[in-house]
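A.B. asks: coordinates for the following, if possible.
(one chain, ligands or ions: 1)
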Amino acid sequence: MSATYSFFARYYDAIYSEKDYKSEVESLHKTIQALKRSEGNTLLDAACGTGGHIQYFRNYYNAAGMDASKEMLEVARGKFGDVDFYQANMTEFDLNRQFDVVTCLFGSISYLITKESLHRAIKCFSDHTVRGGLVIIEPVFTAETVRPSSMGIRCVDEAEYKLSRVSSSKREGDVVYLNFHYLLATPSEVEHIFDPSPMGVFSKHDFVDGMKSAGFEVIGEESGLSKEAIFIGIKP
Ligand SMILES: C[S@@+](CC[C@H](N)C(=O)[O-])C[C@H]1O[C@@H](n2cnc3c(N)ncnc32)[C@H](O)[C@@H]1O
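C.D. replies: Below you'll find the model as predicted:
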């Protein structure tokens with residue numbers, strides 16, 4: 001996991017204020033209702049961050065979240081005191097519970113670098129899914145869609161602070177470094193924080209293979225929330 005989330009947690013919601021979590025959840029909910037064969041309505045959002053999707057999932061599901069970052073979970077708990085949040089690494093967690101749906105969205109799975117860790121995470125998702133339940137995984141990109149480089153910029157202009165984040169990503173073998181540079185202005189100083197954010201590049205086959213090995217039937221791969229592939233499996 002990127003260590004920067006301990007710094008970034010405070011600013012995460014501001015940086016992604018334009019992300020439309022509500023319509024993403026509406027779309028996912030339709031897909032889930034069309035495909036799910038289990039009876040219950042429990043949902044685990046793995047690598048939930050500050051709970052952007054949970055805010056809306058909880059309208060339809062008994063939703064819980066897990067994330068490796070204590071600081072991201074602190075923000076999530078502050079917003080949704082009635083939701084169960086677990087601090088754990090997605091490659092090796094055991095919550096002693098199963099869910100009807102396990103989601104891992106907005107590229108969180110891409111923080112895993114090796115195929116082995118990808119497969120371990122999907123196996124953990126499977127262990128936490130009831131029969132007839134679904135897993136939904138949304139990577140940042142796949143080997144088929146990743147670009148050799150790309151740039152980005154986001155700015156937050158608040159009374160208490162100013163934050164800009166520029167990035168210029170580079171691919172090195174099967175890793176893409178997003179290379180985020182943050183400039184954070186507070187009344188006392190301007191701080192520069194660099195976060196290389198390495199992301200694993202996996203092929204569509206790697207995801208499908210990981211899901212099959214973990215016991216899922218792969219239902220399909222749809223055009224995802226951010227127009228990337230989204231992988232959906234059902235536990236037979
Ligand atoms: C881009 S954020 C996405 C958060 C949330 N899903 C959303 O849509 O806003 C990535 C999240 O993945 C979490 N993360 C990264 N590696 C992880 C791991 N190995 N296990 C659990 N969480 C992880 C980070 O702490 C961060 O909260």
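A.B. asks: drop to CA atoms for contacts and neighbour counts, all remaining ones
C.D. replies: Fine.
A.B. asks: secondary structure element holding Ser150?
C.D. replies: Taking DSSP states H and E as the definition, Ser150 sits inside strand 149-157.
A.B. asks: tell me the mean pLDDT for that strand?
C.D. replies: Average pLDDT, strand 149-157: 95.
A.B. asks: tell me where the chain has strands.
C.D. replies: 42-46, 62-67, 84-87, 99-104, 129-137, 149-157, 162-172, 175-177, 180-185, 190-195, 198-200, 217-223, 229-234 (DSSP state E).
A.B. asks: nearest to the ligand, of those strands?
C.D. replies: With C-alpha to the nearest ligand atom as the criterion, the ligand lies closest to strand 62-67 of these, at 4.0 Å.
A.B. asks: just how off-centre is the longest helix anywhere in the chain within its chain?
C.D. replies: The single longest helix within the chain, with elements called by DSSP state H, is helix 21-35. Put simply, helix 21-35 sits 16 Å off its chain's centre (C-alpha atoms, centre = their mean, to the nearest Å).
A.B. asks: run through who's touching that helix.
C.D. replies: Residues from elsewhere that reach helix 21-35 (C-alpha atoms under 8 Å, 6 or more residues apart in numbering): Gly52, His53, Tyr56, Phe57, Tyr60, Leu134, Leu225.
A.B. asks: who wins for neighbours among the residues you listed?
C.D. replies: Highest neighbour count within the contacts of helix 21-35: Leu134, with 30 neighbours (other C-alpha atoms under 10 Å).
A.B. asks: how about low-confidence regions in this structure?
C.D. replies: Scanning the chain for pLDDT under 70 picks out 1-3, 220-228.
A.B. asks: can you list the residues of the chain near the ligand?
C.D. replies: Within reach of the ligand by C-alpha under 6 Å from any ligand atom, the chain has these residues: 1, 5, 47-49, 52, 67-69, 72, 88-91, 105-108, 111.
A.B. asks: correct me if wrong: Tyr161 contacts Thr186.
C.D. replies: Yes - between Tyr161 and Thr186 there is a contact under C-alpha atoms under 8 Å: 4.9 Å.
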